[in-house]
Each structure stands twice: as structure tokens, then as C-alpha cells.
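Colleague: Generate coordinates for the sequence data below:
(2 chains)
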Amino acid sequence: MSVSTYKIPIGPIHPSLAEPMTFNFEISGERIQSVDLAPGDNHRGIEFMGRNRNVVQIIYLAERICGICSASHPFAFCRAVENAAGIEVPPRAEYIRVIISELERIHSHILWAGIAAEELGFNSVLYLSWKVREEVLDLLEMLTGNRINYGMFMIGGVRRDILAEQVPKIRETLQYYKDAYQTLEDVFLKDPSIALRTKNVGIMTYEDALHLASVGPTARASGVKKDVRQDQPYSAYADMDIKAITPDIYSGEVNGDVYDRIIVRILEVFQSVQIIEYCINNLPEGEILSEPKIVKLLGTLKKAKGEGVGRHEAPRGEVIHYIKLNESENPEVWKARAPTYNNLMSWLPMLQMQEIADIPIVIASIDPCIGCMDRVTLVDPGSNKKQVLTREELVKLSIEKTRRMVR
Amino acid sequence: MSGGSIVMFIFNIFAALIIAILGIIVGLFYKGIDRKLAAMLQSRVGPPIRQPFLDFFKLMIKENIVPENAVPWVFNGAPVLALVSTITILLYIPFGPIPALLGNSGDLILIAYLLAIPAVALVSGGFSSGSTYASIGAQREMVLMMSYELPLVTTIIVLGWRLNLAYPGLKVFSLAALSANPIWGLIGPLGFFGALLLLFTLVIVTPAELSIVPFDIPEAETELAGGVLVEYSGRNLALFELANAVKMIVMGALTIALFFPYNIAHLFSITGFFACIINILFFFFKLFVVIFFEATFIRVALARLKIDQASTAYLIILSAASLMGLLLVAIDYLM
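Modeller: Sure thing, here's the model as predicted:
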């Protein structure tokens, strides 16, 4: 029997999406038959802008790739440059970097939890979780001067130290989050009406997560024990024994549904609290920058030649920055790969055969960041029409370019 | 027509107008209270209580857009139909000590029908607006309507049936008779639990009638961007908002008339005009409490259900609850 379907577009502007992105759904009754993703509404050409600036100026840009991951992108970028130019980071700076990144993870995960509740029409929980989130934002403001774009990262270290008189306030906030765990668990994991909407919804199997190369909490909720902090420890994470958090730690089973993604994120908030606690207790003494004079640093970087890769476990998954320095003022190549880019295709198995009512929460469940992810938009300047390249066309174009370069 | 009946006719028209205007004002006022209370429960500051009035006036001066592929007469007619039918219900419901204006010519059965009309208006408005989102919303509204009618009607029938057993010969479905003989006085302990179940049914049906969380599935902001109302703007949207505010009063007043029709003036042995004032004030207090539990509290405490979950909840769970109520009341009578 053939199923008669109708199309509904979600996006580019829709109340459940914080950023522009289009989903074209084929729906039969209330069931999703197929979905086609059409990104490309939010490309800002940041990498191109970066190639016209020097490396220190790019930190400013990298921080603004994403409003939420504003510690993760500069972290990965600085690590890429340090990798390319062979710069050593002082231990105290490594610890401060980790503290800021983990504070960011707390704020990002709780923000996500609030948004997820709103997608379910549960506004009380949205307000509750964002109220809980305020504490960490206050702490970040005290430590860095800003609530969102922290401006802490610098090639070879961090720009601001954590002072002894700030430590009690950090401990107080950590205690607040330890106490808040009970509230968050009651509200998200024990509430029947949230369980009703999230259990067995948007399932991604272990195999799918591996095939589609999902990263971060999205992959971990499907049982893939994948975490850069665990697999390739870096920075201060190397001093700690960090284990990837999978939902079976809490519930004893892995379903790969939205509920499991909530579990992973709630547990990660408290993993972050422990990491920060360790960092505060073991904060080494010493410098916070390998080269405090920026002019001198730029001079070194201008002479550097080589490629560097920086990886970091952002709240949404692994973020990779690649940089190629070629003895010039500006880098030759700068490439940022945000976690959402990997997680994009996870939507396809998740949305298959779900109901219309599940769309917002499933889309939100990978914590998408379209601004980070959008790669390129092909626009015909004459007709102002957007264009989509197929795989064959892309291969053809790549071959042509390779031939041009060989010649 | 005799002179007396003409005077009566004119009086009725004026009274109906006053009731309509008062109903709208009180409805918007309670909506403001509802929003303020919900905000306080969510630890927000919330809008001022007069906000629904401001919203209404704002919508009235906004442009009223009719989409190109809409059916204009249905699209524009639906909000008027919704408002008129809701206000009509007000004429049949007693407000505390004040008897219903048309109490003699209509009864509960008529009210049950009239309650369905705003939903039908929403459905036709949604289908006629020519938008996919609105069509999905309209389909959901229909499913929801069919799901909650059975428990609602069961409740009404049981109340009338029990009254008929107690006082045969009375006009049992007239709200005046039901208010004069509240169910609690007619039944024994077993029937008490039955009546509690019926009250529970009515309380749970109300959020769907008012399309608020968890049963705001036809409008579902985050899914359908407003669903049935997605294409409505300006005056038409304002009329739908008014209908919704009035419907809140209707549902509250209906619950009070069926289950809590008590007055307090005689407790203080006050009579005459002051008794009337006190009873009216007490009625508004009851309305406040009922709306708090039927609307504000429920929408703050729950997440939105899916349409199949809501349908199951009404058709199976709530119908079972109301039938159980019927059974208990029946057993109570036979014993």
C-alpha cells in the first residue's frame, strides 16, 4: 500500500529553532516518512576573514564562532597554533584553561536542558534551569569579566590569572551545583511528564552513532565511549582520570533516546564540577603566559612554518581547529570543525518514523549549533538563488582544482 | 406581543449586552491573574494584571492579514463564531446568587453543545487559512475534541441522572436545579468518591477546552508555531483571545455551578442587598480558586503531551475515571 504524504518545512525561521536551518519533512498523518536537511542559511565566512588577520586577532574571531562554545573554539585554536609553532604552555595556564572550559560546559549543558524543556512545552522547567545557570554565569563574569565571550585565551597561555581571593567564590558555586544536582535529577530524570515525551523518542543505535561519526553527548548517549578528554588527554585533563559518561552509569541501560541524552548531560555537569574542584585544589604556581609581550609573540609566529591541529572536547562534542602557518603575517589556512557538523547526520536515523510532536525535542537533543556548523552557501549572484552541489559535482570540482594546482 | 413581553424582550437584550461586556472584562482580568500567578510559580516577575487588556487593544490596532490562499468568509467568520458562542454560554450559567438570564430556556445539554462550537470554529478557521501548520493544528483539534467529549458528557449525564433519581419530575438538566441540589447532598460515602472522580474529570477536561499546556497540542508553539492560529493576526486573533478568556470564566463557572454552588451569606445571617454582594464576592473567590487549579496549576506543572498520548489520556483513562464515577454513584444509589 502506498502511503500518501505531505510536505512540511520546518525552518529556516521557526520557534523551535534558535538559528536558521531548514528541514523538509515528508509526513504521513503524524509520522515522519523522510527528512531532508537544507543548511546554508547561516554561513558567515569566518575562516576567510581569519586569513586576512594575524593569529592573535583570530582568537577574537574564533571566540565568536559560537556564543556558547566561546571557550572551546579559542581553546582548540590556541592549541592548534601552539602545536604548529611549538609553543609550550605553562602548567598554571593549562589549569585555568580547563577551569574556564568546564565552567562553560556547566553553563552550556544547563542552558540546553532549559531549551529542551521549552521544546516540550514545559516552561516552568525552562525558568528553573536557567535560574540555576545564572550562578555559573556570575562566576564566569567574576573570573573573566564577561558572561559569554570570556576573552581568556591567548597563544601560549591565558590572559587573566585566578586570584587567591576568587577561590572561595568558586568553591561556593561548586557547592551550589552539588546541591542543585538533586533538583535537576528530580526535575529532568524523575518527572513522569518529561519521561513520557523523551523515552523511546529519537533513538540512535550504537552502530548508527559509529557509522555517522557522531561526537560528544550525542554519541555517548548511544553508548559510544568517546571523549577527547579520555581518549587523548591534553592540557590539564592529562593529570586527571576522566571517563566518558554513558547513560548506563545512571540507568543501567543504553537506549540512545532523548532521555539518555538528558542523563548524559546532567551527569556531565557534575563531572565538570569534580574536574574544577580538582583543578582548584591542585592549581600549580607560576606564569600564566609563555610570552607576555604580544608583539614579540607575533614576531615568533610570523617566522613559524608548519601545520597544527588542536582538539578539544566542547560541550557538544569534539571541536577541531587546523592551522597552517607559512612564515607570513596571516595564516595560510585556518579550518574549524565544530561538533554539530559531525552530529548533523545523526538527525536522519533519529527523526525516522517519529511524530511531528517529536521534531522540536529531537532536533534540540543533539544541541545543534548551526552558526558553528554552516560550511558554505552557493549563491548565484544573478538570480540570487541558492544552489546545492551533489557529490559527483563536488568530486569533479576537486579533480579540476587538483589539476590546476599540479600544473 | 403584549406590552409586558416587549419590555421583557428589551430588558433581555440589554442584560445580555451587559453580561457579554462584563464576561469579557472579567475573563481578561482572570487571564491577567492567571498569567501573574503562573509567573510567580515559575519564579518570574510576570506581566502586570492588566496585560491581557493591553494585548487586546494592541491586537485591535494591528493589521488584520488574510492569507492569499485562505477562504476569507470562513477565515473571518470563525473568530466571531467562537466569541459569540462562548458569550452565549454565559447567558445560561448562573453566577453565584445571580440566576442565569436564559436559565429557563436552556440547560446543560445545550451548554455541552455550545462548548463544542468554539472548537469547531477553531477547526474551520484553521482549515480555511490554507497553511500546512494550521491544517495539522486543525486535525489535532478535531482529534482532541472527539477525545474529551465522552468524559465531559458522561460527567454531565451522571449529575442529571442522580438528581432525577432524587427528585423525579424536576427539570434535572437545568443548571438552576443542579445548583439548588448539589450532588454532595444526594449521595452517600461511596457516591462521594464517585462524585470526586467526576469533578476530577471536569478539571482535566478544562485545559483541553482552553487549549493550554499540557493539552495545547493544536497550537503547540514550538512544534506548529501556533498551529490553528498561525495565520491569524490583528482583530481576528484578538477575537479568538477574547473567546478564550471568556471560555475560562465559562469553564470555571460551570464547575462551580455543578459542584460548588454554595453561598456564604446565610452563615453570617446577613440578608438582602449585602447578602447578594457577599455572595457575588464569594463567587469570584471560588472562580479564582477553581481557575487556579483548572488552568494555572496544571499548565505550570506539566509538559505538553503528544496528540496520541492526550487522546489516550482522555478516551481511555479519563473515560474510565468518569465511568467509574458513574458506577460508584449508581452502586451508592442501589445500596
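Colleague: What sits closest to A:Ala304 if chain neighbours are left out?
Modeller: Of all residues not flanking A:Ala304 in the chain, A:Ala85 sits nearest, at 3.9 Å (C-beta to C-beta, 6 or more residues apart in numbering or on different chains). C-beta coordinates here come from the backbone N, C-alpha and C atoms, glycine included.
Colleague: same question but for B:Pro97, I mixed them up
Modeller: Closest residue to B:Pro97 apart from its sequence neighbours, by C-beta to C-beta, 6+ apart: B:Asn279 at 4.0 Å.
Colleague: so that neighbour sits right up against B:Tyr262, yeah?
Modeller: No - with contact defined as C-beta atoms under 8 Å, B:Asn279 does not count as touching B:Tyr262 (9.5 Å).
Colleague: what about the nearest residue to A:Arg159 once chain neighbours are set aside, distance to A:Gly286?
Modeller: Leaving aside its chain neighbours, A:Arg159 sits nearest to A:Met152 (5.7 Å; criterion: C-beta to C-beta, 6+ apart). Distance from A:Met152 to A:Gly286, counting by C-beta to C-beta, to the nearest Å: 17 Å.
Colleague: same question, B:Ala243
Modeller: Separation of B:Ala243 from A:Gly286 (C-beta to C-beta): 70 Å.
Colleague: These two: which is more packed in?
Modeller: Taking neighbours as other C-beta atoms under 10 Å in any protein chain shown, B:Ala243 and A:Gly286 compare with B:Ala243 leading, 27 against 9.
Colleague: picking that back up, for B:Asn279 and B:Tyr262, indicate the residue with more neighbours.
Modeller: Each of B:Asn279 and B:Tyr262 has its neighbours counted (other C-beta under 10 Å); B:Asn279 has more, 20 against 16.
Colleague: Please read off the pLDDT at that one from the model.
Modeller: pLDDT for B:Asn279: 79.
Colleague: Report the buried residues of whichever strand or helix holds it.
Modeller: Taking DSSP states H and E as the criterion, the element that holds B:Asn279 is helix B:273-291. Going by neighbour count (16 or more other C-beta atoms under 10 Å in any protein chain shown), the buried part of helix B:273-291 is B:Ala275, B:Cys276, B:Ile278, B:Asn279, B:Ile280, B:Phe282, B:Phe283, B:Phe284, B:Lys286, B:Leu287, B:Val290, B:Ile291.
Colleague: Which pair in those has the greatest spatial separation?
Modeller: B:Ala275 and B:Ile291 (24.4 Å; C-beta to C-beta).
Colleague: Just the closest residue of chain A to chain B, please.
Modeller: Nearest residue of chain A to chain B (C-beta to the nearest C-beta) works out as A:Gly121 at 2.9 Å.
Colleague: Could you report the neighbour count for that residue?
Modeller: When neighbours are counted by other C-beta under 10 Å, A:Gly121 registers 28.
Colleague: a strand runs through it, doesn't it?
Modeller: No - under DSSP: H, G, I helix; E, B strand; the rest coil, A:Gly121 sits outside any strand and is assigned coil.
Colleague: Which of the helices or strands spans A:Leu143?
Modeller: helix A:123-144.
Colleague: Can you classify A:Ile99 by secondary structure?
Modeller: When classified by three-state DSSP, A:Ile99 comes out as helix.
Colleague: Can you name the residues that contact it?
Modeller: If you count contacts by C-beta atoms under 8 Å, 6 or more residues apart in numbering or on different chains, A:Ile99 has them with A:Leu143, A:Ile162, A:Ile170, A:Ile276, A:Cys279, A:Ile280.
Colleague: Check A:Pro331 too.
Modeller: By C-beta under 8 Å, 6+ apart, the neighbours of A:Pro331 are A:Gly50, A:Arg51, A:Val55, A:Ile58, A:Ile323, A:Lys324, A:Leu325.
Colleague: cool, and B:Leu190?
Modeller: B:Leu328, B:Ile331, B:Asp332, B:Met335.
Colleague: Repeat that for A:Leu283.
Modeller: Contacts for A:Leu283 (C-beta under 8 Å, 6+ apart) come out as A:Arg92, A:Tyr95, A:Ile96, A:Ile162.
Colleague: so the first one sits in a strand?
Modeller: No - A:Arg92: not assigned to a strand; according to three-state DSSP it is helix.
Colleague: so it touches A:Asn282, yeah?
Modeller: No - between A:Arg92 and A:Asn282 there is no contact under C-beta under 8 Å: 10.6 Å.
Colleague: Neighbour count: these two, which is higher?
Modeller: Neighbours per residue (other C-beta under 10 Å) separate A:Arg92 from A:Asn282, with A:Arg92 holding more: 20 against 12.
Colleague: And the more buried one, how far from A:Pro233?
Modeller: For A:Arg92 relative to A:Pro233 (C-beta to C-beta), the value is 18 Å.
Colleague: Let's verify the residue lying closest to B:Pro72 once chain neighbours are set aside: helix, strand, or coil?
Modeller: Excluding the flanking residues, the one nearest B:Pro72 by C-beta to C-beta, 6+ apart is B:Val66, at 5.4 Å. Following three-state DSSP, we place B:Val66 in the coil state.
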